[in-house]
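J.: Model the structure of this input:
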Amino acid sequence: MTNTLVEIAGLGQSIWYDNIRRAMLASGDLARKIEEDDLRGVTSNPTIFEKAITGSTDYDEQFRALVAEGRGVAEIYEELVVADIARAADILRPVYDREGGRDGFISLEVDPRLAYDTAKTTDDATRLYQLLGRPNVMIKIPASQEGLPSIEESIYRGVNINITMIFSIENYEQVAESYIRGLERRAAEGKPVDAIASVASFFVSRVDTSVDAELEKLARGAKSEEERKAYESLLGKAAVANAKLAYQKFKEIFHGERFSALREKGAQPQRPLWASTGTKNPKYSDVLYVDNLIGAETVNTVPPATYTAIRDHGRAALTIEEGLDESRQVVALAQGRGALERGRGEPEDHTQLARLAHGRRADGRRRGRARDLRRGDSQRRIPARDGLRHGRLVALPGSPAPDFRQAGGFPRAARPRLDRP
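T.: Prediction:
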């Protein structure tokens, strides 16, 4: 019986897994996926870890031990996360070695509260990379305007970077420029460039989610049947079309004259990574953002449900360059009617992201203050993971309660909730 996941890898696209939890590592599930499905990497984000920590008992023992030690909220979160990232990196290391440092990566995100501070983001990326001490770790930095200099500097420092939150081709070009400039600075100083890897995470399904909403709004206000049908004909097409055109830009940049000088020194192209590829609209195929985006020198990181769907009924074929003329028409029509810009602008609203990161509501007012919770033996005891689920840290009887306010809040509250699959 053929395995579509293995066949896709044979076409030059690496499938990564957009999920992690401790049981997946301890049970051998990740190792089995590597062995049976040719899985080549894993991505994570704070939302994934939130679900893993609060939705299972996997972390209770370590969590309780850290609370008993009097650790702060941020310290506890990092200890739990770093332990999983390190273990996953070790499991993936044979892939990294076999593929010559091109695959076998696990990604960890910088503190999202630093999204608007270039210097602190850069330093946090370096710190996390050195803390983990493994060559097959990538640190995730957002593709905000403040993040672009951090990407360049991190690459210059020799840190593998996964650039996340890319929605537009224009922003993608900025990201590629930052990567190349970082490598060029190293090369100019005689530093090696052959052991640095980067991917540019282009978010896909959320483009359709946002653009479709705009198209449906425009269709309802159409002045004629012909105009209504024109809007409706674009539904579910913008995301794939946008990604296909981004791939053409990738080829132009990384197979062009400028990058050829770095390639001769062993530099890797910064591969496009299709992220947010779980289908949101139940009317669409559950492998829509996989089957239509298979191409050489690309990565697709897929959530668990999509991963299973690929194995069951996915199609392995080089499709990334199919229908390019139609893709150009779709993007041109969507742009001409203003749907694409309005649709993809919302996920990139970094002002809203920053407000979330600093605990402010959209209207600028402070959110409710997080409260510590001390419960004695006579009161109902709450498992540690439930304390986290409710945005609180539970003190065990007889142990000091970490000061939630001083720690700045559990990362769940600080997390810009935009990096979900």
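J.: Before we move on, what's the pLDDT of Ser27?
T.: Ser27 is assigned 97 on the pLDDT scale.
J.: What count of nearby residues applies to it?
T.: Using other Cβ atoms under 10 Å, the number of residues around Ser27 comes to 11. Using the backbone N, CA and C atoms, a C-beta is placed for each residue, glycine as well.
J.: can you check Gly41 too?
T.: Gly41: 27 neighbours (other Cβ under 10 Å).
J.: Who's the closest spatial neighbour of it, skipping the chain neighbours?
T.: Trp16 (3.6 Å; Cβ to Cβ, 6 or more residues apart in numbering).
J.: what's downstream of the host helix or strand of the one you found, the next helix or strand?
T.: Using DSSP states H and E, Trp16 sits within strand 13-17. Scanning forward in sequence from strand 13-17 by DSSP H and E, the next helix or strand is helix 22-26.
J.: show me what contacts Trp6?
T.: For the record, residue 6 is Val, not Trp. 37-38 (Cβ atoms under 8 Å, 6 or more residues apart in numbering).
J.: The chain should start at 204 in everything you say after this.
T.: Yep, numbering from 204; the last one is Val209 now.
J.: So which bits of the strand or helix carrying it are buried?
T.: Taking DSSP H and E as the criterion, Val209 maps to helix 207-213. Neighbour-count burial for helix 207-213, counted by 16 or more other Cβ atoms under 10 Å, picks out 207-208, 210-212.
J.: just these now: which is nearest Asp411?
T.: Closest approach to Asp411 among these (Cβ to Cβ): Ile211, at 21.5 Å.
J.: and the spatially most central residue of the chain, what are its bridge partners?
T.: For the chain, Thr367 is the residue whose C-alpha lies nearest the centre (Cα atoms, centre = their mean; 5.4 Å). Per DSSP bridges, the residues bridged to Thr367 are Pro345.
J.: That one touches Ile344, doesn't it?
T.: Yes - Thr367 is within contact range of Ile344, at 7.1 Å (criterion: Cβ atoms under 8 Å).
J.: what's the distance between Ile288 and Thr367?
T.: Using Cβ to Cβ, to the nearest Å, we find Ile288 at a distance of 16 Å from Thr367.
J.: close enough to count as contact, Leu228 and Arg290?
T.: Yes - judged on Cβ under 8 Å, Leu228 makes contact with Arg290 at a distance of 5.0 Å.
J.: Neighbour count: those two, which is higher?
T.: Between Leu228 and Arg290, Leu228 has the larger neighbour count (other Cβ under 10 Å), namely 20 against 17.
J.: got the phi/psi numbers for Val402?
T.: phi -130, psi 150 (degrees, to the nearest 10).
J.: By mean pLDDT, which helix or strand of the chain comes out lowest?
T.: Between all helices and strands in the chain, the lowest mean by mean pLDDT, DSSP states H and E belongs to strand 576-577, at a mean of 26.
J.: what about the strands in the stretch 354-503 of the chain?
T.: 364-369, 401-406, 474-478, 501-505 (DSSP state E, counting those that start in this stretch).
J.: Make CSV from the ones you listed and add mean pLDDT to it.
T.: Output for the strands of the stretch 354-503 of the chain, formatted as CSV (pLDDT from 0 to 100):
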stretch, mean pLDDT
strand 364-369, 96
strand 401-406, 97
strand 474-478, 98
strand 501-505, 98
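J.: Please convert the ones you listed to TSV, extending it with distance to Glu428.
T.: Below are these laid out as TSV (distance: least, Cβ to Cβ, whole Å):
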stretch	distance to Glu428
strand 364-369	37
strand 401-406	33
strand 474-478	35
strand 501-505	38
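J.: Give me the below-cutoff pLDDT ranges for the protein.
T.: Low-confidence segments of the chain (pLDDT under 70): 540-624.
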